[in-house]
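Enquirer: For reference, the sequence and a predicted model appear below.
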Amino acid sequence: MKMYSNKYNLWMLFFLVAGIHLGAQQPDLVQYVNTLQGTNSKFELTYGNTYPTTALPFGMNTWTPQTGRNGDGWKYQYFKDSIRGFQQAHQCSSWTNDYAVFSLMPALSLVVDENKRALQFSHKNEIAKPNYYKVKFNNNILTEIAPTERGAHLRFSFPAKQNAFVVLDGYTKMSGVKIYPNEKKVTGYVNNGRGVPGNFKNYFIIIFDKTFKAYGVWEKEKNNIYKD
């Protein structure tokens, strides 16, 4: 009986080790996901009403490129050929629009108007996965996004010997911003969305790895720019 017991334990150990080895060989299923699927939608006819979400499961927010104007529920439509920003978003449906939104946009010159700053791109220069988004604009600016639990890492790569600007857009309604050039940091809040209470604020902190050479803020109503 003792000999059979040892043999049984040996087989149990073999199956346990084999199971661990097989588990380590599981394929990376994320590589098969294309988050552009379902984005070729319009108000008149929809094919999914989705946008290319880059986020962790149950993350605090999502990140997405923005082809539609601020406040448009169809924030990304596949048939469009320009992007005007990269949003922190919370949208669950095109029909409900979004709330607590702000966006970042790289540029070679200082253009704050959301329509005028939009840059053209081709889908052949775009990668859209749940864990990584990448697009190279026709002017060679490269944007990459990787999600974190409460935000995201964004990397903007600019052509050599060109000016490099990043525009922070407070979206619609009310927003505030504070710039800390010595700390390479920007903080602020936004209050936007349908039915959002007046005292609601979505706070954010943005930390850069490059020194600020110039900075300022603008008011959409007055369309003027001034140094902070």
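Expert: Great, that's in hand.
Enquirer: Low-confidence stretches in the chain?
Expert: Low-confidence segments of the chain, defined by pLDDT under 70: 1-24, 220-228.
Enquirer: and the gap between the residue nearest to the spatial centre of it and Lys80?
Expert: Using CA atoms, centre = their mean, the residue of the chain that lies closest to the mean C-alpha position is Trp63, 2.3 Å off. Here Trp63 is placed at a distance of 18 Å from Lys80 (CB to CB, to the nearest Å). In this view, the C-beta of every residue, glycine as well, is placed from N, C-alpha and C.
Enquirer: and if you look at Ala164?
Expert: Counting by CB to CB - Ala164 and Lys80 are separated by 25 Å.
Enquirer: now do Leu29
Expert: The gap separating Leu29 from Lys80 is 29 Å, by CB to CB.
Enquirer: Who has more neighbours out of those two?
Expert: Each of Leu29 and Lys80 has its neighbours counted (other CB atoms under 10 Å); Lys80 has more, 16 against 7.
Enquirer: List the contacts of stretch 155-171.
Expert: Residues from elsewhere that reach stretch 155-171 (CB atoms under 8 Å, 6 or more residues apart in numbering): 70-71, 85, 87, 101-112, 114, 117, 139-145, 176-177, 186, 188, 190, 192, 206, 208, 210.
Enquirer: And those, which of them are buried?
Expert: 70, 85, 87, 101-108, 112, 114, 117, 141, 143-145, 177, 186, 188, 190, 192, 206 (16 or more other CB atoms under 10 Å).
Enquirer: Give me the subset of the residues you listed lying in strands.
Expert: Within the buried ones among the contacts of stretch 155-171, residues falling in strands by DSSP state E are 85, 87, 102-107, 143-145, 177, 186, 188, 190, 206.
Enquirer: circling back: the residue nearest to the centre of the chain contacts Ala55, doesn't it?
Expert: Yes - in this structure Trp63 lies within contact range of Ala55 using CB atoms under 8 Å: 6.5 Å.
Enquirer: what residues do these two have in common as contacts?
Expert: Common contacts of Trp63 and Ala55, defined by CB under 8 Å, 6+ apart, comprise Pro147.
Enquirer: which residues sit in contact with Phe121?
Expert: Neighbours of Phe121 in contact, by CB under 8 Å, 6+ apart: 81-83, 135-138.
Enquirer: Out of these, which end up buried?
Expert: 83, 135-137.
Enquirer: wait, which of these is closest to Asn202?
Expert: Nearest to Asn202, judged by CB to CB, of the buried ones among the contacts of Phe121 is Ile83 at 22.0 Å.
Enquirer: Good, wrapping up.
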